[in-house]
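>>> Requesting a structural model of the entry that follows:
(2 chains)
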Amino acid sequence: MKHHRLALLATLVGLSTAPAVFGQVTPSMLGNACAGCHGTKGRSAEPMPIISGLSQEYLEQTMKDYRSGRRPSTIMGRLAKGYGDDEIEAMATFFAAQVWVSPDQEVDPGLVEKGRRIHVEQCETCHRQYGRHSDSQTPRIAGQWRRYLEVVMEEYWKPDRKMPHVFMTVLVSRLHSGDLTALAHFYASQK
Amino acid sequence: MPQITRRSLLKLTGAMAALATFGFPPMSRGAYRARVLVVGGGYGGATLAKYLRLADPRIEVVLIEKEGQFVSCALSNEVLAGERTMESLTFGYQALSDFYGVKVVHDEVTAIDPARKTVLTLGEQQFGYDRLVVAPGIGFRWGAIEGYDEPASQIVPHAWNAGEQTLILRRQIDAVENGGSIYIVAPPNPYKCPPAPYERAALIAHYLQSKGKTRCKIIILDAKDAFAKQDLFKQGWGQHYPGMISWVSGSEDGRVLAVNPQTRTLYTELEEHKGDVVNVIPPQKAGRVAEVAGLTDESGWCPVDQRTFESTLHKDVHVIGDACIAGPMPKSAYSASTQAKVCAAAIVAQLDGTPTPDPSYVNTCYSIIAPKHAVSLATVYRLADGKIVSVEGAGGASSLNATGWEREMEATYAHSWFENITADIFR
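Below is the predicted model:
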């Protein structure tokens, strides 16, 4: 009865009386909402991290780590708490399906060379192919924004910042801050 | 209802005969399956134009914007602080047309006829549409504060739309002597960018401090008794600008009833305040085009179906951004952009005849208190029983106990937010 009256009202004010059909939250609906900070399809402007084309499992785990607080953040924890597992999975699927594009960045050639040497000695075991490798544990870092890499390495470097990958914390703590800068220049120089 | 004058009707007839650039009626356009007309090229309208084209290139998107360039209001408080140029806030529509195939028309809409699905412009162009999206931003309630009208804003600027108004206020602040007083009149809810009056106070204080003018006073006279990120602002003001900023709530006689622009005097119920600089941010309503089109209700804003942003007053017309009523979402740049994406997805689904996808909305909003100190608000929204609601247990403001490093990172991310949200539209 109530519905009939509503339908009549809708007709009177000239609106469609067709029953509304509702779908699901699509991966693109979720992913596009992130673009205001992470760039269209995850290809961000500096220094927000580029997240297009990362591994689906990595993206999913990272969001869940933000949500649980396992990974500290300024804002991502508050945002990640707004999504259920299915939504995080859909979001990760969306960004994993995008193509990574390494932006042109200004780098210091001396630091790039220094960074390359440190990378080969310390990082290539996991961040294979000079940082291009991407899997569930390892984000691509070749071609990532230099300033973002510096921020994350600083986070690993700071003793009071509890980061999720203990192995990374140990490795980074052994390096000097100049080494971290050099590494950031090296990865930023990669395409 | 729109007013169609005899003159414009004659022009309309003329346009039909001459087959104006964009033709009429909307159904007869070659390769395109539909035409979506977008009125207003700000954070909402321009985002919608791009995302519609990304979603389906068979949709013809015509964006009508009266200004040749977009000037962002977000971060314009940094211009007042001397930390940013107007150029850095200014964006062209070239990428939208060159890379995304949006047809950009610089003209001013004068009338909308939802029954015949046509739009008329000051430049005497006439456009038909299958779907219309109206994104006019805010308008001002001139006269709501007695004595405050558009001419008065040339002396006592609002600086609530970025551009010349920002520069007027900037010059006035620059000329203030040490010990001078600056008044900011903060508006009642709802208005564009809720934390911005308080960010403005901080950034003006920063500028004055950097010039050694620490005896200046910034007084916020507020119509409200509370404001966004209040504790965080008070903490930041005290930390960086002790004694410089004071806030007078509405119930403490902060509500400004009248202004004399010539003498820069503000009148509240009990007192009068004379300032060296007076910034009046007037009460607001939906932008003019929304009114012209009959899309507003008695609140002055536009009621919409919060799933699709289709007007509840006119079929096939959507309203997004500051002008629409979107439940608890603040009138912010990010809200407008996320609403644009939800609306674009709904329009595509409607044209396809497929189910409207469930919406998901986000707002992120940064406020800069000092160059290395910013705070943020983040909210995730979803639709429940046809209404936009905040997701429980998520979102919120930055912690009051954040470290200095985190505040500095938030300042970095605030600037990055701006680079990304503008790139998401204009690049």
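
>>> Sort out which residues of the longest helix anywhere in chain B are buried, please.
Ordering each helix of chain B by length in residues (DSSP state H) puts helix B:404-426 first. For helix B:404-426, a neighbour-count test (16 or more other Cβ atoms under 10 Å in any protein chain shown) marks B:406-426 as buried. Yep, even glycine has a C-beta here, placed from its N, CA and C like the rest.

>>> can you give me the mean pLDDT across that helix?
What helix B:404-426 shows for mean pLDDT is 97.

>>> what's across from B:Cys302 in the sheet?
For B:Cys302, the beta-bridge partners are B:Cys324 (DSSP bridges).

>>> who are the neighbours in contact with it?
Taking Cβ atoms under 8 Å, 6 or more residues apart in numbering or on different chains, we find B:Cys302 in contact with B:Val134, B:Ala286, B:Ala290, B:Leu295, B:Thr296, B:Ser311, B:Leu313, B:Val319, B:Ala323, B:Cys324, B:Ile325.

>>> quick one: contacts for the one residue in the stretch 201-350 of chain B that gets nearest to chain A?
Closest to chain A within the stretch 201-350 of chain B is B:Lys341: 4.5 Å, counting by Cβ to the nearest Cβ. Going by Cβ under 8 Å, 6+ apart, B:Lys341 touches A:Met29, A:Asn32, A:Ala33, A:Ala35, B:Thr47, B:Leu48, B:Tyr51.

>>> if you set the cut-off to 7 Å instead, what comes out?
B:Lys341 makes contacts with A:Asn32, A:Ala33, B:Thr47, B:Tyr51, as judged by Cβ atoms under 7 Å, 6 or more residues apart in numbering or on different chains.

>>> got a winner among those residues for most neighbours?
Within the contacts of B:Lys341, most neighbours by other Cβ atoms under 10 Å in any protein chain shown means B:Thr47, with 33 neighbours.

>>> Distance-wise, check that one relative to B:Gln126.
As judged by Cβ to Cβ, to the nearest Å, B:Thr47 and B:Gln126 stand 26 Å apart.

>>> Specify the local secondary structure of B:Lys285.
strand (DSSP: H, G, I helix; E, B strand; the rest coil).

>>> what's around it, how many residues?
Around B:Lys285 there are 22 residues (other Cβ under 10 Å).

>>> bridging residues for B:Ala286?
B:Ile138.

>>> Please read the previous query as pertaining to B:His318.
B:Val133, B:Glu310.

>>> how deep is it tucked in, by neighbour count?
There are 29 residues near B:His318, going by other Cβ under 10 Å.

>>> isn't it right next to B:Gln306, touching?
No - applying Cβ atoms under 7 Å, one finds B:His318 not in contact with B:Gln306, separated by 11.4 Å.

>>> Residue 55: what's it in contact with?
Assuming you mean chain A. With contact taken as Cβ under 7 Å, 6+ apart, A:Ser55 is in contact with A:Ala96, A:Ser134, A:Asp135, A:Ser136.

>>> wrong chain, I was asking about chain B
Neighbouring residues of B:Ala55 by Cβ under 7 Å, 6+ apart: B:Ala344, B:Ala345, B:Val348.

>>> Would you mind measuring from it to A:Ile75?
Separation of B:Ala55 from A:Ile75 (Cβ to Cβ): 27 Å.

>>> Which residues of the stretch 1-150 of chain B lie near chain A?
B:Tyr51 (Cβ under 7 Å from any Cβ of the partner chain).

>>> Tell me which residue of the stretch 1-150 of chain B lies closest to chain A.
For the stretch 1-150 of chain B and chain A, the shortest gap (Cβ to the nearest Cβ) falls at B:Tyr51, measuring 6.7 Å.

>>> Tell me who's in contact with that residue.
By Cβ under 7 Å, 6+ apart, the contact set of B:Tyr51 is A:Asn32, B:Ala340, B:Lys341, B:Ala344.

>>> Pull the contacting residues for the last one.
B:Ala344 sits next to B:Leu48, B:Tyr51, B:Leu52, B:Ala55 when contact means Cβ under 7 Å, 6+ apart.

>>> Could you export the residues you listed to CSV, including columns for secondary structure and pLDDT?
Output for the contacts of B:Ala344, formatted as CSV (DSSP: H, G, I helix; E, B strand; the rest coil; pLDDT from 0 to 100):
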residue, secondary structure, pLDDT
B:Leu48, helix, 98
B:Tyr51, helix, 98
B:Leu52, helix, 98
B:Ala55, helix, 96
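
>>> so how far is A:Val101 from the most centrally placed residue in chain A?
With distances taken as Cα atoms, centre = their mean, A:Ile51 lies nearest the centre of chain A, 4.0 Å away. From A:Ile51 across to A:Val101, the span is 12 Å (Cβ to Cβ).

>>> B:Val259 too?
Distance of B:Val259 to A:Val101, computed by Cβ to Cβ: 52 Å.

>>> How about B:Thr312?
42 Å.

>>> number of nearby residues for whichever residue of chain A sits closest to chain B?
Nearest residue of chain A to chain B: A:Gly82, at 2.5 Å (Cβ to the nearest Cβ). By the criterion of other Cβ under 10 Å, A:Gly82 has 23 neighbours.

>>> Give me the nearest residue to it, chain neighbours excluded.
When the adjacent residues along the chain are set aside, A:Gly82 lies closest to B:Val380, with 2.5 Å between them (Cβ to Cβ, 6 or more residues apart in numbering or on different chains).

>>> between B:Val259 and A:Val101, which one's more packed in?
Each of B:Val259 and A:Val101 has its neighbours counted (other Cβ under 10 Å); B:Val259 has more, 25 against 13.

>>> What is the burial count for whichever residue of the stretch 301-427 of chain B sits closest to chain A?
Distances between the stretch 301-427 of chain B and chain A by Cβ to the nearest Cβ are smallest at B:Val380, namely 2.5 Å. Per other Cβ under 10 Å, the neighbour tally for B:Val380 reads 24.

>>> Could you grab the helix/strand/coil label for it?
Here B:Val380 is recorded as strand under three-state DSSP.

>>> Report the contact partners of it.
A:Leu79, A:Gly82, A:Tyr83, B:Val362, B:Val391, B:Ala394, B:Gly395.
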